[in-house]
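> structure for the following, please:
(2 chains)
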Amino acid sequence: MAAVVRGVLNGIREKGLSNFLRHARDEGYFKCLLDGNLLQTKIHNIGATLVGVDKFGNKYYEKLHDTQYGRHRWVEYAEKGRYNASQVPPEWHGWLHHITDSTGDKASFLLCLLEQNAKAYIVDHKENFSGEGEELIYHSKGHALNPGQRDWTRYQPWEPKKEEAT
Amino acid sequence: MAFFARAIRHSSPYLRSRAPPPPAVAASCRWISPTAAAGSPEAGAAVAPADPETPPPREPVGGARVELPSNPEDALEVFVDGHAVRIPKGFTVLQACEVAGVDIPRFCYHSRLSIAGNCRMCLVEVEKSPKPVASCAMPALPGMKIKTNTPVAKKAREGVMEFLLMNHPLDCPICDQGGECDLQDQSMAFGADRGRFTEMKRSVVDKNLGPLVKTVMTRCIQCTRCVRFASEVAGVQDLGMLGRGSGEEIGTYVEKLMTSELSGNVIDICPVGALTSKPFAFKARNWELKGTETIDVTDAVGSNIRVDSRGPEVMRIVPRLNEDINEEWISDKTRFCYDGLKRQRLNDPMIRGTDGRFKAVTWRDALAVVAEVLQQVKPEEITGVAGKLSDAESMMALKDFVNKMGSDKVLCEGNGPSPPADLRSNYLMNTSIAGLEKADVFLLVGTQPRVEAAMVNARIRKTVRATQAKVAYIGPPTDFNYDHEHLGTGPQTLVEIAEGRHPFCSTLQSAKNPVIIAGAGLFDREDQDALFSTIETVAKKFNVVRPDWNGLNVLLLHAAQAAALDLGLVANPTESIKSTKFLYLMGADDVDLDKVPDDAFVVYQGHHGDKAVYRANVILPSSAFSEKEGTYENTEGCTQWTIPAVPTVGDARDDWKILRALSEVAGAQLPYDSLSGVRDRISMVAPNLVHVDEREPCTISSEVKPPVKQQVSSTPFKTVVENFYMTDAITRASKIMAQCSATLLKK
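You can find the predicted model right below:
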């Protein structure tokens, strides 16, 4: 806790209050208060290694000790409000999903070498905008954009209204 | 292993008394890796074998006791893996190995079905025999030297396994049997580590067996267990084997559903994933489930079941072995009623407002309203009715509460206008369910056991099949799955038998152990006293009740009935309900609500919004049998407990706790506030209800009954259970049961 307060004070001293607040807003610290997933990511980030940042600004973290194996790589999305998994570009997908150990930066570098020939057919990555809105995109249980899945009731109660209808 | 042993020790007292000691448990599970135990340090330390090659002798598989015949001529000695075991004559090699503690892998062999010997998995080596022998079909001979662990036997199993897996699809990851599959387990334990099969696997068209059993026939290994179960135990000739060679398949000959009330059991006996549960398909994996050993309450048999739950949800129900009650089968209603536990549940106390609409309120308000009305009515206008699914504790509390309020009008539905509660022998199955196997003549009076108590019917069928016992039936035309003689439809036939004028009398006369089973549907008839005295006359005439044999039985319909009669919930329903001003329905949905006066105040306490809630003024939600500890007495007088498997829904409470709380608010506090307190009270009224898992037979004979002046009426007997699949609040709420009644009931 003390370290967090010290970090905040240092930030204010370095940037000035208004700049610091803008920085905090851009980094999504205010959204943390409403979005538990983001807050959890932020808490995870403490003590983790920043492995790389992709061209969209998504940050990739890794923490090798003190973490359950298989949960040791994660991403903090650049988009703080409406983030979803399709915002991860293909060059980082393999690293993030433990398919490969080579990071997205390495993949991008190789892609750059190829690019002269590959430009003709490689298109830029775009996130998935399918459907009309967020409700059509998969959000995990407990996600801020998925309120419906917070219902843990496993039985269907008797509705007294039905009786009046008949 | 230690965990398993501990779990057994902590389970119910019944299990504790019969559970094998821990070493035997270890022996029973040893077959997964046959050599592990021999190599384990304890085994080596306990018995230092002279020859390191021979493993030490073992306990029988599953801790079973082997009863040798009293005459030593009828026992013989064989050698299994070098150890001598004594077995009765007529045992097979496989059974001899089980006595010696060696579990032989098998697919087609099932101890309750006939022997087919077609899977060849149980091959063992027998000395002086040129080839490995199929142990399940080979009778053991004196001095036989059986070897189960030799290279020949191992190679034989490996070869059989390779052939079985040849046409078995590799879909374990999407197979519902995965994790509890015999083929999976045995291929790990006995199979080869590679296959040589490179051709195409065969595929078989799936069959539609109805809404309960899902088929993936490509997975079938043709063990024919299901065919034998259907024709031997269930008594329907629906399944059979078609084709030869690789074209061989299990089917229903023509497109047809499996119309048996026991069809769910083929799911359990199928050693692979060919027959699985349709409602359970892809719902859960078996290792995610928590098993709770409890009993079933959908009929009066009290089948032993295991409720498998995941979190707050009952996922499935499977049978548990109890030789005295349900052996290892259960009826489809028992097995598939569980989705009713998740639908139409009452989860909040509700009060009907002045506009006729229900409003959810707190317990405090609901109880206050009920107590206020209770103060205003006269004591004799209070009536309490216990439902079909009530446990003994709540019925005790209801009776004590109503009595304390000054009324004696407390009854249990289904027990008729004058319940025969004076003598226990008048409402119990005195022969006991297992005892039916000794009978040689059955006389069924006004009962259709196939729909009223499917497990009792299975027992009768087993007896008929084994000993060619004769069955005679008096009642409306109905379905039987064994040979029977339909004597008549009304009480007149019974009177003829009692007077010795009926041709069936000669059969009864020559019977050694005759059995009369009267249905509980007779309780509802006006002339029930006369009927039962006629039945007793028949019993006396044909020597049905003797010191060594009691063949006079009543087959009850609901789980609550026997305990209600034990506890004395015996008011006359028609009179009590007609004059009542305050009606307390404890899960009673089948009372005649038209007779309830319009100005009566009705409290419905129960777990399902079924029929009676629509007449209720106050609804008090209670817990279902899967959520509470309750005592139930089955039709043969065996007391059993339910164990809570899942938490209660919403704001529901246990039945007896609601009554205890209400009694306090109403100013007539009941003198107990714990479950043990209620049970102490029960032990004063009916001590047999606290002796759990024991069948307490009736000791007083029925001869002390006063003479009956009533006349037998000539109205024919009625069908009591119209729809096997929907008999109570839980099964009526179930979607699966609704599907079954729509597709399987022939109209």
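> from B:Phe79, how far out is A:Asn128?
Per Cβ to Cβ, to the nearest Å, A:Asn128 is found 71 Å from B:Phe79. Using the backbone N, CA and C atoms, a C-beta is placed for each residue, glycine as well.
> give me the more crowded residue out of the two.
Taking other Cβ atoms under 10 Å in any protein chain shown, A:Asn128 and B:Phe79 do not tie; B:Phe79 has more neighbours (16 against 12).
> show the backbone phi and psi for that one.
When read as degrees, to the nearest 10, the backbone of B:Phe79 gives phi -120, psi 120.
> so what's the residue of the stretch 351-500 of chain B found nearest chain A closest to, chain neighbours aside?
Closest approach between the stretch 351-500 of chain B and chain A, counting by Cβ to the nearest Cβ: B:Phe358, at 3.6 Å. Setting aside the residues directly before and after it, B:Phe358 is nearest to A:Pro160 in space (Cβ to Cβ, 6 or more residues apart in numbering or on different chains), at 3.6 Å.
> number of residues surrounding the one you found?
A:Pro160: 19 neighbours (other Cβ under 10 Å).
> how about B:Gly291, secondary structure?
strand (DSSP: H, G, I helix; E, B strand; the rest coil).
> so what's it up against?
Contacts for B:Gly291 were tallied using Cβ atoms under 8 Å, 6 or more residues apart in numbering or on different chains; they are B:Arg306, B:Val307, B:Asp308.
> rerun that using 7 Å as the cut-off
Going by Cβ atoms under 7 Å, 6 or more residues apart in numbering or on different chains, B:Gly291 touches B:Arg306, B:Asp308.
> partner residues bridging it?
Beta-bridge pairing of B:Gly291 under DSSP bridges involves B:Asp308.
> B:Leu567 touches B:Ser394, doesn't it?
No: shown here, B:Leu567 and B:Ser394 do not form a contact pair, counting by Cβ atoms under 7 Å, at 10.4 Å.
> the residue of chain B found nearest chain A: how many residues sit nearby?
Per Cβ to the nearest Cβ, the residue of chain B with the smallest distance to chain A is B:Gly609, at 2.9 Å. By other Cβ under 10 Å, 28 other residues sit near B:Gly609.
> over to B:Gly356?
Counted with other Cβ under 10 Å, B:Gly356 comes out at 8.
> quick one: it is in a strand?
No: counting by three-state DSSP, B:Gly356 is not found in a strand; it is coil.
> of B:Leu567 and B:Ser394, which one has the most company?
Higher neighbour count among B:Leu567 and B:Ser394: B:Ser394, with 29 against 26, using other Cβ under 10 Å.
> and the helix or strand hosting the more buried one, what other elements does it pack with?
Using DSSP states H and E, B:Ser394 sits in helix B:392-404. If contacts are counted by 3 or more Cβ pairs under 7 Å, 6 or more residues apart in numbering or on different chains; DSSP states H and E, helix B:392-404 sits against strand B:382-386, strand B:410-412, helix B:561-567, strand B:630-633, helix B:655-665, helix B:675-685.
> extract the CA atoms of the fifth one and return them as CSV.
Taking C-alpha atoms only, helix B:655-665 is exported to CSV below (Å, rounded to 0.1, in the frame of the first residue of the first chain):
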residue,chain,number,x,y,z
ASP,B,655,-41.1,-28.8,7.0
TRP,B,656,-40.8,-29.5,10.7
LYS,B,657,-38.9,-26.3,11.3
ILE,B,658,-41.7,-24.2,9.7
LEU,B,659,-44.2,-25.9,12.0
ARG,B,660,-42.1,-25.4,15.0
ALA,B,661,-41.7,-21.7,14.2
LEU,B,662,-45.4,-21.4,13.5
SER,B,663,-46.3,-23.1,16.8
GLU,B,664,-44.2,-20.5,18.6
VAL,B,665,-45.9,-17.6,16.9
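> residues near the closest residue to B:Tyr604 other than its chain neighbours, how many?
The shortest distance from B:Tyr604 to any non-neighbouring residue, by Cβ to Cβ, 6+ apart, is to B:Ala616 (3.6 Å). Residues contacting B:Ala616 under the criterion other Cβ under 10 Å number 22.
> kindly report the same for B:Arg65.
8.
> quick one: the residue of the stretch 351-500 of chain B closest to chain A and A:Glu159 touch, right?
No: assessed by Cβ under 7 Å, B:Phe358 is found out of contact with A:Glu159, at 9.4 Å.
> and the stretch 501-650 of chain B, which residues reach chain A?
B:Gly609, B:Tyr614, B:Val649, B:Gly650 (Cβ under 7 Å from any Cβ of the partner chain).
> wait, B:Val464 sits on B:Lys470?
No: look at B:Val464 against B:Lys470 with Cβ under 7 Å: they stay out of range, at 8.1 Å.
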